[in-house]
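Trainee: give me the fold of what follows.
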Amino acid sequence: MAGDCWTGLSIAEESGLVLAARVGKHTDDFIEELVNSTEGKTDC
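Mentor: All right, here's what the predicted structure looks like:
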């Protein structure tokens, strides 16, 4: 489908630093990739 593109950002709460970003269709895999690429970059 045309126009079905999302940008996902994982942002550190205190500093505002972008920890991870993904562009793609809004699917469970999209969210999982964003979470997996964020893990280990913060204390939480």
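
Trainee: helix or strand: which one has the spatially most central residue of the chain?
Mentor: Nearest to the mean C-alpha position of the chain, counting by CA atoms, centre = their mean, stands Leu34 at 3.5 Å. Here Leu34, judged by DSSP states H and E, is contained in helix 28-38.

Trainee: residues contacting that helix, please?
Mentor: 6, 8, 10, 19-22, 24 (CB atoms under 8 Å, 6 or more residues apart in numbering). For glycine as for every other residue, the C-beta is placed from the backbone atoms N, C-alpha and C.

Trainee: mind redoing it with 7 Å?
Mentor: 6, 8, 10, 19-20, 22, 24 (CB atoms under 7 Å, 6 or more residues apart in numbering).

Trainee: by neighbours, which of the residues you listed wins?
Mentor: Neighbour count (other CB atoms under 10 Å) singles out Arg22 as the most crowded of the contacts of helix 28-38, with 19 neighbours.

Trainee: give me the phi and psi angles of that residue.
Mentor: Per-residue torsions, Arg22: phi -140, psi 150 (degrees, to the nearest 10).

Trainee: which ones are touching Trp6?
Mentor: Trp6 touches 24-26, 30, counting by CB under 7 Å, 6+ apart.

Trainee: next one: phi and psi at it?
Mentor: According to degrees, to the nearest 10, Trp6 has phi -120, psi 150.

Trainee: what's across from it in the sheet?
Mentor: Judged by DSSP bridges, the bridge partners of Trp6 are Gly24.

Trainee: how close does it sit to Lys25?
Mentor: As judged by CB to CB, to the nearest Å, Trp6 and Lys25 stand 7 Å apart.

Trainee: quick one on the thing from earlier: just put the contacts of Trp6 in JSON lines and tack on pLDDT.
Mentor: Conversion of those to JSON lines gives the following (pLDDT from 0 to 100):
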{"residue": "Gly24", "pLDDT": "93"}
{"residue": "Lys25", "pLDDT": "93"}
{"residue": "His26", "pLDDT": "90"}
{"residue": "Phe30", "pLDDT": "93"}
